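Peer 1: Sequence and predicted structure below; questions after.
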Amino acid sequence: MTLKAFTSTAAAIAMAVALAAAPSVPVGAQTGTSGTPKVIGEFGANGPTLPVEHIIAKVTAAGLTDISLIHLEHGRYEVKCRDAKGRLVEVFVDPKTGELLRDPKTGKLKWDKVTGVGAPSSDIDLADIAAKAKAAGMQKVYAIEFEHALYEIMAIDAQGRKVELYAHPKTGELLRHPKTGKPMIEIIE
């Protein structure tokens, strides 16, 4: 084993030990001043954020289409969508104002080109999917992503738990249990 490989392995082991000793905070959460977790997406690092429906409206009003992902990360909403030229991009949105972030020097939108497959080209409105999740009893929708040929909706349920629901890729309807007819919900935490 080379010295570089040994150093990398030792660093990985040290990180694992440090993480194991660290207090447990759920993924996607941060500890507030009272020690209680705050769900990222419901509250950003600097306080309350706009709901995803408002962010979707701002992004589509800017002429961006085919949104396949929206989530709060690094103190901003990150939205994967298509630009006017049909390129798959990720744009960044201020979580408090809903304004698309722009480069201060050029005034152009801050975005990253994304490789891979985006959402299916369709007339599905992610705000409608969020509304359907809320109608199914979710308190807050904090992320919607097109993955594994389905829309995955991350939300907070009536009991305050982080859950995941699924929507049909062509209709946007929530997937329901065949026997009960209730939405299929996976409890994350």
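Peer 2: Nice, thanks for sending it over.

Peer 1: Next, work out how far apart residue 59 and residue 126 are.
Peer 2: For residue 59, the distance to residue 126 equals 9 Å [CB to CB, to the nearest Å]. The way it works is simple: take the backbone N, C-alpha and C, and place the C-beta from them, glycine included.

Peer 1: ok, those two, which is more surrounded?
Peer 2: The neighbour comparison of residue 59 against residue 126 (other CB atoms under 10 Å) goes to residue 126, with 29 against 21.

Peer 1: isn't residue 66 right up against residue 84?
Peer 2: No: with contacts defined as CB atoms under 8 Å, residue 66 does not count as touching residue 84, sitting 11.7 Å away.

Peer 1: These two - which one has more neighbours?
Peer 2: Shown here are residue 66 and residue 84; by other CB under 10 Å, residue 66 has more neighbours (19 against 9).

Peer 1: what about that one, distance to residue 163?
Peer 2: Distance check for residue 66 against residue 163: by CB to CB, it reads 26 Å.

Peer 1: same check, this time on residue 99
Peer 2: From residue 99 over to residue 163 the distance is 30 Å, taken as CB to CB.

Peer 1: between the two, which one's more packed in?
Peer 2: residue 163 (20 against 10).

Peer 1: wait, what's in contact with residue 133?
Peer 2: With contacts defined as CB atoms under 8 Å, 6 or more residues apart in numbering, residue 133 is in contact with 141, 153, 155, 165, 174, 183.

Peer 1: Bridged to the fourth one, which residues?
Peer 2: Residue 165 has the following beta-bridge partners by DSSP bridges: residue 153, residue 185.

Peer 1: Okay, residue 100 and residue 49: tell me how far apart.
Peer 2: Relative to residue 49, residue 100 is positioned 15 Å away (CB to CB).

Peer 1: Compare the two (neighbour count), which wins?
Peer 2: Shown here are residue 100 and residue 49; by other CB under 10 Å, residue 49 has more neighbours (26 against 20).

Peer 1: quick one: pLDDT of the more buried one?
Peer 2: Per-residue confidence (pLDDT) for residue 49: 81.

Peer 1: same deal with residue 176?
Peer 2: On pLDDT, residue 176 comes in at 92.

Peer 1: ok, for it, nearest residue in space, not its chain neighbours?
Peer 2: Of all residues not flanking residue 176 in the chain, residue 183 sits nearest, at 5.7 Å (CB to CB, 6 or more residues apart in numbering).
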